[in-house]
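A.B. asks: Attaching a predicted model along with its sequence, questions to come.
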Amino acid sequence: MSVGRIIEHPILGEIGESKKISISVDGKTYTALEGEMIAAALMANGIQTFRFTKHHAPRGIYCGIGRCTDCIMIVDGVPNVRTCVTPVQEGMRIETQYGTGAWKRGNDNA
């Protein structure tokens, strides 16, 4: 279910005209608008679950202003990113987070 685009953010202000960019979410490609928050892009694409707690409970956006941690995800390999206040960027890799999140290690054989 798509909920439409968020065009005004309570902390970051109004999102103006933006070009379409591509992001990857759990290995699938989606369209986002440059400058919109990751959470807004996910919701516009029908994605409502962003993470699962250590007790396997699904979480999505809650406060929308970066105060809680319900919307945290792994972004470009970095866990615990608050998606409600982090703008999307072209080619960004976003992953559902499970539990407390873990840093991805580079190639140890290099």
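C.D. replies: Nice, I can see it.

A.B. asks: In this protein, where is pLDDT below threshold?
C.D. replies: Along the chain, segments meeting pLDDT under 70 span 1-17, 104-110.

A.B. asks: can you give me the strands in it?
C.D. replies: 8-9, 13-14, 20-25, 28-33, 51-52, 58-59, 72-75, 78-82, 93-95, 97-98 (DSSP state E).

A.B. asks: packing partners for the last one?
C.D. replies: Yep, that's strand 97-98 we're talking about. If you count contacts as 3 or more Cβ pairs under 8 Å, 6 or more residues apart in numbering; DSSP states H and E, strand 97-98 packs onto strand 51-52, strand 72-75. Every C-beta, even on glycine, is put in place using the N, C-alpha and C of the backbone.

A.B. asks: which residues sit against it?
C.D. replies: F50, R51, F52, I72, M73, I74, P79, N80 (Cβ atoms under 8 Å, 6 or more residues apart in numbering).

A.B. asks: Now do C68 against M43, distance only.
C.D. replies: Using Cβ to Cβ, to the nearest Å, C68 is found at 16 Å from M43.

A.B. asks: R59 contacts C68, doesn't it?
C.D. replies: No. Between R59 and C68 there is no contact under Cβ atoms under 8 Å: 9.2 Å.

A.B. asks: More neighbours: which of these two?
C.D. replies: Set R59 next to C68 and count neighbours by other Cβ atoms under 10 Å: R59 wins out with 18 against 14.
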